[in-house]
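Trainee: One predicted model, sequence on top.
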Amino acid sequence: MNLSSIGSASAKIESGDLKVKSIAKKPAQRNLTLKKIYIEQIRAGRKTTEGRILKGSVVKVETGDLLRFYYYSNAKDDVNCKVTKVTRYSTFKEMLEDKGVAACIPDAKDLDSAVKAY
């Protein structure tokens, strides 16, 4: 999943006296746990891709969905993101080769250490 970090946001589209509401499907909101170091890297803009095994609620994640990553010990560590792209891979190594190690595991020294992190 490619991510863009977001804060709270809402938007209205107005044109003259006509107010327009989108009738598009409302994005799903999901909560996923994540190590604190990765939450900090997302917040800093260093980690832009999150890889997950395709099971549970992750199966339903779509482009445009809103994700709340949280660390167990402190709600202040949460980061909210919008999914900008979903790509499916056979392995984590394949994802890392395509997206780049730095986008997924910014502190990894090389591909092998990034694969081990997953």
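Mentor: Good, I have the coordinates. Numbering: from 1, shown residues only.

Trainee: Could you pull out the helices in the chain for me?
Mentor: In the chain, helices defined by DSSP state H lie at 36-43, 92-99, 101-104, 111-117, listed in chain order.

Trainee: how about those in TSV, adding mean neighbour count and mean pLDDT?
Mentor: Every residue, glycine included, has its C-beta placed from N, CA and C. Formatted as TSV, the helices of the chain follow (neighbours: other C-beta atoms under 10 Å; pLDDT from 0 to 100):
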stretch	mean neighbour count	mean pLDDT
helix 36-43	17	94
helix 92-99	17	95
helix 101-104	18	96
helix 111-117	15	94
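
Trainee: what's the closest of those to residue 70?
Mentor: helix 36-43 (7.7 Å; C-beta to C-beta).

Trainee: Counting by contacts, list what the closest one packs against.
Mentor: strand 2-6, strand 66-70, strand 79-85 (3 or more C-beta pairs under 8 Å, 6 or more residues apart in numbering; DSSP states H and E).

Trainee: one step back: would you turn the helices of the chain into JSON lines with distance to residue 62?
Mentor: Listed next are the helices of the chain as JSON lines, based on distance: least, C-beta to C-beta, whole Å:
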{"stretch": "helix 36-43", "distance to residue 62": "19"}
{"stretch": "helix 92-99", "distance to residue 62": "18"}
{"stretch": "helix 101-104", "distance to residue 62": "20"}
{"stretch": "helix 111-117", "distance to residue 62": "25"}
